[in-house]
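1. pasting the structure only:
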């Protein structure tokens, strides 16, 4: 079944307009989900809509914005639709930036950008090659799912992939100040020998990234647990915690790591769990 587009409209770059459809690039359905059940009856627990007076009928539930403590103004869905933000149908590219200027902390969710027809495909191909060869991203905003989103469009990393990639970005006020968590971290001095050993360790373990070598171990473990309980089998044994060697000197830890590490061209999920060294 074809995926329905998340957003349909046009990308506006100066006087150039490209009609596109934007599709989700992730599969949120691949997650372990649990329901709340009654321990005694094993029946699912359902939640009711209630206020201070009791149960509220679904037809009587409306959206409300809290403008002061416990004070709400009612908002009708038709009033929200009437806002008609330009970004609901047009993504105006406001600027181009070098890709390395966007902090990885700003990236949220990826989307595929596809042209609506062959004419648009030509324009999109031109933009894909231009963005790729200049290593740049186009920054703009689009509105869907009840809010406006800051986004970046760029060329796919895979040259065989058609279309463009769109990345939803976080606004500045969505990021916490690093000082709230890192204010107590002190910058430690690093000498040239320590840095050289660390670089050697990285170089010796450097390999091409293979996404297929990684999988959701938690999801697989939960499925094994469910299957064992369903069939009355013994529960899976927990994996042993990797042993940690007590090493006081960071130089010794780096040297030991270099001694046991081997050059690799690929990563195996099952064999990549090597013994860690506590420092």
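-> Yep, it's here. Owing to the predicted nature of the structure, the values given are computational and were not obtained by experimental measurement.
2. C-alpha from now on. contacts and neighbour counts both.
-> Noted.
3. who touches the closest residue to residue 148 other than its chain neighbours in this structure?
-> Using C-alpha to C-alpha, 6 or more residues apart in numbering and skipping the chain neighbours, the partner closest in space to residue 148 is residue 142 (5.6 Å). Listed by C-alpha atoms under 8 Å, 6 or more residues apart in numbering, the contact set of residue 142 reads 87-91, 148-151.
4. Could you single out the nearest of those to residue 259?
-> residue 151 (44.9 Å; C-alpha to C-alpha).
5. State the mean pLDDT of the helix or strand that contains that closest one.
-> Per DSSP states H and E: residue 151 is located in strand 147-154. The average pLDDT for strand 147-154 rounds to 93.
6. now that strand, how far from the chain's geometric center?
-> 14 Å (C-alpha atoms, centre = their mean, to the nearest Å).
7. Make sure the residue nearest to residue 148 is indeed in a helix.
-> No: using DSSP: H, G, I helix; E, B strand; the rest coil, the assignment for residue 142 is strand, not a helix.
8. I'd guessed residue 23 sits against residue 3; true?
-> Yes: at 7.1 Å, residue 23 counts as touching residue 3 under the criterion of C-alpha atoms under 8 Å.
9. Pick out whichever of the two has more residues nearby.
-> Using other C-alpha atoms under 10 Å as the criterion, residue 23 and residue 3 rank with residue 23 on top: 19 against 7.
10. sorry, back to before: quick one: mean pLDDT for whatever helix or strand comes next after the strand holding residue 151?
-> Per DSSP H and E, the first helix or strand lying C-terminal to strand 147-154 is strand 164-169. For strand 164-169, the mean pLDDT works out to 96.
11. buried residues in stretch 136-150?
-> By 16 or more other C-alpha atoms under 10 Å, the buried positions in stretch 136-150 come out as 136-143, 149-150.
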